[in-house]
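[1] Let's see this in three dimensions:
(4 chains)
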There are 2 protein chains.
Amino acid sequence: MNSDKPIDICKHCPYTHSCKVHNGVLSKLPKTIVCPEKGDHLFKSEEAFTALYVLCQGSAKATLSDGTSMEKIVQFYHPGDMIGLCAFGNESYQESVEILSYSRVFKIERATFENALAESSALANGMISLLSENLVRRQRNHSSNTLLEAESRLIRFLQDQQVWSASTPSKGSFELCMSRVDIANYLGIAVETLSRLMKKLTQKGLIEAQNRRIAIRNLDFSSM
Amino acid sequence: MNSDKPIDICKHCPYTHSCKVHNGVLSKLPKTIVCPEKGDHLFKSEEAFTALYVLCQGSAKATLSDGTSMEKIVQFYHPGDMIGLCAFGNESYQESVEILSYSRVFKIERATFENALAESSALANGMISLLSENLVRRQRNHSSNTLLEAESRLIRFLQDQQVWSASTPSKGSFELCMSRVDIANYLGIAVETLSRLMKKLTQKGLIEAQNRRIAIRNLDFSSM
DNA sequence: CGTAGAGTTGATTGCGTTCAACTTCAGTGG
DNA sequence: CCACTGAAGTTGAACGCAATCAACTCTACG
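    Modelled structure (predicted):
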């Protein structure tokens, strides 16, 4: 299932504007499509670095094991995101990536990528930019974890998720792709606390929440 | 003060083994030396991306402003560290870097770097690895912020600092390069809490602390 | 209808914050 | 040499946010 041009699936993809494969430096690389199910792993921490991935459809989470058997979620991946950037420093992936819902993923073999990299300085520049952006993005997310209190963090998180889901709008609400446990883990709070905070925000009239469907009403920056 | 070869100062530098300039892909680039004082800024967030830096001697801290006037310290730089990696994604630096003590810093002009990058795929590979490593390093530091409780975080922090200071050993103890305020900020706790924790660790006999001079006694992994 | 997983609610505890006062230290000038 | 000053660090007391444990409800799915 290889292809030297942007693949057909892209034609109807709503995420092309922010997709690294479609409009980025990766568009010309040969790649395959894989369709993992919920619970599948693209790779696990410590595994040998064999491929890069780009998420076309669906969602995934990246976790770090931290030695102590506890797994900390460090990022949620959305369509357009590149996955596997953590593996360049070492010969192995430094985080685990698990699929959260049925997904379509472009897979770029490591050798393919490295050959292309040796020949294209544009690709190199693109990758360096991408890595730098990711460095900043993650930093920004997690620095707010200690600065802001839990409620503000949750608000910010929900706003971010809304943005990522913005391409599939259905009457002002959107669907979270992850469980409460995952959200709590990511935000660094207990599930019970998360539940209480959601209730609180609902009572304030700031959001409406039914299961994973969220509608944001009056979240402005003054409430942060 | 340019030079096309590893500069004289490197001859007596104790950090060459982990220095990106000395033994890395940057060694052949023309560069200058700057010697900023405590309190100086290499650059501030939002400023135009003009140069990359490598810390030879001294120490620095990187902060993120996060909008809310609060500044969060996201990394302490030690000799051998590369500074400015946050600027590749944008045209501007995404964090501020302030010098903590009199330092010597290699400065590599942006144009110089980009020209070299276009011609050397080895440099590109090196930079990608470096960025990937940094991504993982920062992630690991800050994921422990929410996983572990304050005391464990402090222990881990002190151990890390000891490693960075390991090249200047003086009878088992070492000198912290940053203030309590900075440490507290970095660890995400209040200064008072930090003070109490230091006292606690001292009473346990795990460390000895006098001002910024720290001696680590019995810190094993069981206490984490 | 029954089960398992996901999510919620309540009661209690504790870690870390906050505010305020105090101490220590380094630098400066009389 | 000592007194003054301001920054850095410490200590104490009270409060509060979030964790923990436990029981309960809801939902999806067979």
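[2] Can you list the residue ranges for helices in chain A?
    A:110-119, A:121-147, A:150-164, A:180-187, A:191-203 (DSSP state H).
[3] Point to the residue nearest the middle of chain A.
    Chain A has A:Y77 as the residue nearest its centroid, 1.3 Å off, counting by CA atoms, centre = their mean.
[4] mind showing which ranges of chain A have poor pLDDT?
    A:1-9, A:22-24, A:67-68, A:166-171, A:219-224 (pLDDT under 70).
[5] and it, which of its residues are near DNA strand C?
    Neighbours of DNA strand C within chain A, by CB under 7 Å from any atom of the strand: A:179-181, A:191-192, A:194-196, A:198-199, A:209, A:211-212. Just so you know, the C-beta spots here come from the backbone N, C-alpha and C atoms, and that holds for glycine as well.
[6] Is it possible to get those out as CSV so that each row also shows distance to DNA strand D and neighbour count?
    Listed next are these as CSV, based on distance: CB to the nearest atom of the strand, whole Å; neighbours: other CB atoms under 10 Å in any protein chain shown:
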residue, distance to DNA strand D, neighbour count
A:S179, 12, 13
A:R180, 12, 15
A:V181, 12, 12
A:V191, 7, 14
A:E192, 4, 10
A:L194, 7, 20
A:S195, 9, 12
A:R196, 8, 14
A:M198, 12, 17
A:K199, 13, 11
A:A209, 11, 16
A:N211, 6, 8
A:R212, 10, 13
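[7] okay, the residues you listed in JSON lines with distance to B:F106 next?
    Output for the residues of chain A next to DNA strand C, formatted as JSON lines (distance: CB to CB, whole Å):
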{"residue": "A:S179", "distance to B:F106": "47"}
{"residue": "A:R180", "distance to B:F106": "48"}
{"residue": "A:V181", "distance to B:F106": "46"}
{"residue": "A:V191", "distance to B:F106": "48"}
{"residue": "A:E192", "distance to B:F106": "51"}
{"residue": "A:L194", "distance to B:F106": "46"}
{"residue": "A:S195", "distance to B:F106": "51"}
{"residue": "A:R196", "distance to B:F106": "51"}
{"residue": "A:M198", "distance to B:F106": "50"}
{"residue": "A:K199", "distance to B:F106": "54"}
{"residue": "A:A209", "distance to B:F106": "52"}
{"residue": "A:N211", "distance to B:F106": "55"}
{"residue": "A:R212", "distance to B:F106": "50"}
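[8] any idea which of those is closest to A:L64?
    For the residues of chain A next to DNA strand C, the residue nearest A:L64 by CB to CB is A:V181; the value is 16.2 Å.
[9] how about the helices of chain A, which one is nearest B:N218?
    Going by CB to CB, the one of the helices of chain A nearest B:N218 is helix A:121-147, 28.2 Å.
[10] Please see if the closest one touches chain B.
    Yes: interface with chain B: helix A:121-147 contributes A:121, A:124-125, A:127-136, A:138-140, A:142-147 (CB under 8 Å from any CB of the partner chain).
[11] what's near enough to touch the residue nearest to the centre of chain A?
    A:L55, A:S59, A:A60, A:K61, A:A62, A:I83, A:V97 (CB atoms under 8 Å, 6 or more residues apart in numbering or on different chains).
[12] hang on, isn't A:T16 packed against A:C10?
    Yes: if you go by CB atoms under 8 Å, A:T16 and A:C10 touch, sitting 6.0 Å apart.
[13] re earlier: of the contacts of A:Y77, buried ones?
    Buried members of the contacts of A:Y77, counted by 16 or more other CB atoms under 10 Å in any protein chain shown: A:L55, A:S59, A:A60, A:K61, A:A62, A:I83, A:V97.
[14] Wait, A:Q161 touches A:F174, no?
    Yes: between A:Q161 and A:F174 there is a contact at 7.0 Å, judged by CB under 8 Å.
[15] Common neighbours of the two, please.
    The contact lists of A:Q161 and A:F174 share A:I214, where a contact means CB under 8 Å, 6+ apart.
[16] Now do the same contact list for A:S65.
    A:S45, A:E71, A:S96.
[17] how is chain A carved up into domains?
    A:8-145, A:148-223 (automatic domain parsing).
[18] Tell me if I'm right that A:L135 and B:S132 touch.
    No: applying CB under 8 Å as the test, A:L135 and B:S132 come out as separate, 9.3 Å apart.
[19] Out of the buried ones among the contacts of A:Y77, flag the one nearest to chain B.
    A:A62 (8.9 Å; CB to the nearest CB).
[20] Report the beta-bridge partner residues of that closest one.
    A:Q75, A:V97 (DSSP bridges).
[21] ok, it touching A:K72?
    No: applying CB under 8 Å, one finds A:A62 not in contact with A:K72, separated by 9.7 Å.
[22] Any residues of chain A in contact with DNA strand D? List them.
    Contact residues (CB under 7 Å from any atom of the strand) of chain A with DNA strand D: A:E149, A:A150, A:E151, A:G188, A:I189, A:A190, A:E192, A:T193, A:N211.
[23] How about the third one: what's its closest non-neighbour residue?
    Distance criterion CB to CB, 6 or more residues apart in numbering or on different chains; nearest residue to A:E151, sequence neighbours excluded, is A:L197 at 5.6 Å.
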